[in-house]
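Asks: pasting the sequence and the predicted model now:
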Amino acid sequence: MPRFYTEEHEWIDVDGDVATVGITDFAQGQLGDIVFVEVPDTGAELSKGGDAAVVESVKAASDVYAPVDGTVTEGNGQLEEDPALVNSDPEGEGWFFRMTLSDKSQLDGLMNAQAYKDFIADL
Amino acid sequence: MSETEEMGETVAIESLPLDAWHRARGARMVEFAGYHMPIQYDGIMAEHLWTRDNAGLFDVSHMGQLVFRGEGAAEALEALVPGDISALKPGRMRYSLLLADDGGILDDLMITNTGHGLYMVVNGAVKWDDIAHLREHLPDEIEMNLLDEQALLALQGPKAAAALTALGVVPEFPDILPVDRLVFMQAGPYLWGDVRLGISRSGYTGEDGFEISVPASDVSALADALCAQGAVKPIGLGARDSLRLEAGLPLYGHDLDEGIDPVEGDLAFAISKRRREEGGFPGAARILGHLADGSPRKRVGLTVDGKMPVREGAKIFDGNSEVGVVTSGGFAPSVGAPIAMGYVPTGLSEPGTALAAEVRGKRVAVTVTPMPFVPHRYVRKQGG
């Protein structure tokens, strides 16, 4: 299952026409202690680069953007009870939402793991 | 002092005496009040809880340390602040407010009678404005000095007194109490080896603790010695903010500004009894009127339903009417829930009043609540 990354520090796992989206380990480290996550409602239509979710640390609220166009099929309900999952397992249990892919060609513009590693090394 | 570049747009960010010390300890640095400051080391939550349980060391060297000398300095300052400064005994300090002509708050500050002068600590973000205002309004014969060769540390938390005592800090003179015998808002001169320290039992976290004025040349060694003790860890600005919010203490530039007077700011305690009777401070007519008849609005604490933080700028509603605004808010680590403070009409300021705040277009139920959110643990009396 290929994983892609965005310059806004989201990861996206693609499995057929469905993708799982979260924020990267680097992103959670920058944000610090996560105290609240607002995931999109099931059925929400997302467009690439548009607001999709909100993640709040002790200090501030940050937007999470949709990495591609699509429709939300599920938000991670566990984050409501345990937002710190984003700190402890950002690229696993701390996923934000699942969505359908409207246009798979949009994945072409995203980074693979190595490219993202190089990208954050330069920040 | 800040340097403004040719175009007048870019202001150079200054470094404080502990800059390298913070970086060596893994601090994440941000710009604050024109300085590079540590926002966090291990994480805001851990640092916050550490301070409540142990002792946290805060670098507050960005704040302005001023000394006033000259005959009549206390009376001269009373023309600018509403506190009873002339009644301040040596070794005592008071929270006060620098007031604009209309009674609006220019800054909140601490004034200590050192026995040799009046020592004032003002907020870093407005210190240059404060200095200009003070110099303009004080008589020429009152000398004002900025102690820009002094750093300022705050050591806060239940283990602060033991940590400072263990360091071997001793009174400079025989009539000065040992540091652990000071009570809240008491201060004195101390020696650490041959380093002279100005220490007060005060702070802005709601915990017991001390503020320590130390020569910039010695501050790294002092910070090292304090943090060499297991109970003391360096704490960043992030936790300083969440600690003071839980303590119900306003942050200038957010919860207080020039448009707010002391009664609106729920700081009427800072208007001393004699000054209420005599007036003679800026904006006295407005402020004494608000004391007698109530102000139109008031700073209040708010508890928040659910887990979504309500932050600065969120509008406050009573039913469909917009009635106020949140001026500070966030997740409160010791409370385990979001809290906020803000301004509402005085008629809606009674504890228990149910209101709503708007966050990203959604309404969140909030309830007016007495502050502090976490009880203060100041040492007000010394036991036997």
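Replies: Sure thing, it's come through.

Asks: any residues of chain A in contact with chain B? List them.
Replies: For chain A, the residues in contact with chain B (C-beta under 8 Å from any C-beta of the partner chain) are A:32-33, A:35-36, A:38, A:54, A:56-61, A:80, A:83. Placement of C-beta: from N, CA and C, glycine included.

Asks: widest-spaced pair of those?
Replies: Spatially, the most separated pair among those is A:59 and A:80, at 20.5 Å (C-beta to C-beta).

Asks: the more surrounded of the two?
Replies: The neighbour comparison of residue A:59 against residue A:80 (other C-beta atoms under 10 Å in any protein chain shown) goes to residue A:59, with 23 against 14.

Asks: for chain A, what's the nearest residue on the stretch 51-200 of chain B?
Replies: Nearest residue of the stretch 51-200 of chain B to chain A: residue B:51, at 13.5 Å (C-beta to the nearest C-beta).

Asks: what sits against that residue?
Replies: Remark: with contacts taken as C-beta atoms under 8 Å, 6 or more residues apart in numbering or on different chains, residue B:51 is in contact with B:156, B:157, B:205, B:207, B:235, B:239, B:243.

Asks: is it true that residue B:260 touches residue B:107?
Replies: No: taking C-beta atoms under 8 Å as the definition, residue B:260 is not a contact partner of residue B:107, at 11.9 Å.

Asks: compare those two (neighbour count), which wins?
Replies: More neighbours surround residue B:107 than the other of residue B:260 and residue B:107, with 25 against 22 (other C-beta under 10 Å).

Asks: list the contacts of the residue nearest the centre of chain A.
Replies: Centroid-nearest residue in chain A, with C-alpha atoms, centre = their mean: residue A:22, separated by 2.6 Å. If a contact means C-beta under 8 Å, 6+ apart, then residue A:22 has A:10, A:11, A:86, A:90, A:91, A:94, A:95, A:96 as its contacts.

Asks: go again with 7 Å.
Replies: With contacts taken as C-beta atoms under 7 Å, 6 or more residues apart in numbering or on different chains, residue A:22 has the following neighbours: A:10, A:11, A:90, A:91, A:94, A:95, A:96.

Asks: next, format the residues you listed as JSON lines and append pLDDT, neighbour count and secondary structure.
Replies: Formatted as JSON lines, the entries for the contacts of residue A:22 read as follows, by pLDDT from 0 to 100; neighbours: other C-beta atoms under 10 Å in any protein chain shown; DSSP: H, G, I helix; E, B strand; the rest coil:
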{"residue": "A:10", "pLDDT": "97", "neighbour count": "22", "secondary structure": "strand"}
{"residue": "A:11", "pLDDT": "97", "neighbour count": "25", "secondary structure": "strand"}
{"residue": "A:90", "pLDDT": "98", "neighbour count": "23", "secondary structure": "coil"}
{"residue": "A:91", "pLDDT": "96", "neighbour count": "16", "secondary structure": "coil"}
{"residue": "A:94", "pLDDT": "98", "neighbour count": "24", "secondary structure": "coil"}
{"residue": "A:95", "pLDDT": "98", "neighbour count": "24", "secondary structure": "coil"}
{"residue": "A:96", "pLDDT": "98", "neighbour count": "26", "secondary structure": "coil"}
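
Asks: from these, which two are the most distant?
Replies: With C-beta to C-beta as the measure, no two of those lie farther apart than A:10 and A:94, at 12.1 Å.

Asks: strands along the stretch 251-384 of chain B, start to end?
Replies: Assigned by DSSP state E, counting those that start in this stretch, the strands in the stretch 251-384 of chain B fall at B:297-304, B:315-318, B:321-332, B:337-345, B:354-359, B:362-369.

Asks: okay, angle between the fourth one and strand B:354-359 too, please.
Replies: It refers to strand B:337-345. Computed by axes from the mean of the first three to the mean of the last three C-alpha atoms, to 10 degrees, the angle separating strand B:337-345 from strand B:354-359 equals 110 degrees.

Asks: quick one: contacts of strand B:337-345?
Replies: By C-beta under 7 Å, 6+ apart, the surrounding residues in contact with strand B:337-345 are B:245-246, B:255, B:296-304, B:307-310, B:316, B:323-332, B:355, B:366, B:368, B:373.

Asks: who does that strand pair up with?
Replies: In the sheet containing strand B:337-345, its partner strands are strand B:297-304 (antiparallel), strand B:321-332 (antiparallel), by DSSP bridges.

Asks: deepest-packed of those, please.
Replies: Of all those, strand B:297-304 has the most neighbours on average by mean count of other C-beta atoms under 10 Å in any protein chain shown, namely a mean of 24.

Asks: for that strand, list the C-alpha coordinates in PDB.
Replies: Coordinates of each C-alpha in strand B:297-304 appear next as PDB, following Å, rounded to 0.1, in the frame of the first residue of the first chain:
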ATOM      1  CA  ARG B 297     -18.200  45.200  31.200                       C
ATOM      2  CA  LYS B 298     -15.900  43.000  33.200                       C
ATOM      3  CA  ARG B 299     -13.200  40.400  32.800                       C
ATOM      4  CA  VAL B 300     -14.500  37.000  33.800                       C
ATOM      5  CA  GLY B 301     -13.300  33.400  33.800                       C
ATOM      6  CA  LEU B 302     -15.100  30.800  31.600                       C
ATOM      7  CA  THR B 303     -15.300  27.100  31.800                       C
ATOM      8  CA  VAL B 304     -15.900  25.400  28.400                       C
END
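
Asks: residue ranges of the helices in the stretch 51-200 of chain B, please?
Replies: In the stretch 51-200 of chain B, helices defined by DSSP state H, counting those that start in this stretch lie at B:73-78, B:127-137, B:160-166, listed in chain order.

Asks: which ones among the residues of chain A next to chain B map onto strands?
Replies: Those of the residues of chain A next to chain B mapping onto strands are A:35, A:36, A:38, A:54, A:56, A:57, A:61, per DSSP state E.

Asks: hmm, residue A:53 and the third one touching each other?
Replies: Think residue A:38. Yes: between residue A:38 and residue A:53 a contact is recorded at 5.9 Å, counting by C-beta atoms under 7 Å.

Asks: Serialize the strands of the stretch 251-384 of chain B to JSON lines and add fields for mean pLDDT and distance to residue B:78.
Replies: Shown next, in JSON lines, are those (pLDDT from 0 to 100; distance: least, C-beta to C-beta, whole Å):
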{"stretch": "strand B:297-304", "mean pLDDT": "98", "distance to residue B:78": "24"}
{"stretch": "strand B:315-318", "mean pLDDT": "98", "distance to residue B:78": "36"}
{"stretch": "strand B:321-332", "mean pLDDT": "98", "distance to residue B:78": "28"}
{"stretch": "strand B:337-345", "mean pLDDT": "98", "distance to residue B:78": "28"}
{"stretch": "strand B:354-359", "mean pLDDT": "98", "distance to residue B:78": "38"}
{"stretch": "strand B:362-369", "mean pLDDT": "98", "distance to residue B:78": "34"}
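
Asks: confidence score at the closest residue to residue B:250 other than its chain neighbours?
Replies: Setting aside the residues directly before and after it, residue B:250 is nearest to residue B:256 in space (C-beta to C-beta, 6 or more residues apart in numbering or on different chains), at 5.0 Å. On the pLDDT scale, residue B:256 is placed at 98.

Asks: neighbours of residue B:256, just the number please.
Replies: Number of residues near residue B:256 (other C-beta under 10 Å) recorded here: 25.

Asks: list the contacts for it?
Replies: The contact partners of residue B:256, by C-beta under 7 Å, 6+ apart, come to B:105, B:108, B:250, B:265.

Asks: so which of those belong to strands?
Replies: Among these, DSSP E puts B:105, B:108 in strands.

Asks: want to throw the contacts of residue B:256 into JSON lines with pLDDT?
Replies: Below are the contacts of residue B:256 laid out as JSON lines (pLDDT from 0 to 100):
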{"residue": "B:105", "pLDDT": "98"}
{"residue": "B:108", "pLDDT": "98"}
{"residue": "B:250", "pLDDT": "98"}
{"residue": "B:265", "pLDDT": "98"}
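
Asks: tabulate the contacts of residue B:256 (TSV), appending neighbour count.
Replies: Listed next are the contacts of residue B:256 as TSV, based on neighbours: other C-beta atoms under 10 Å in any protein chain shown:
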residue	neighbour count
B:105	24
B:108	24
B:250	22
B:265	24
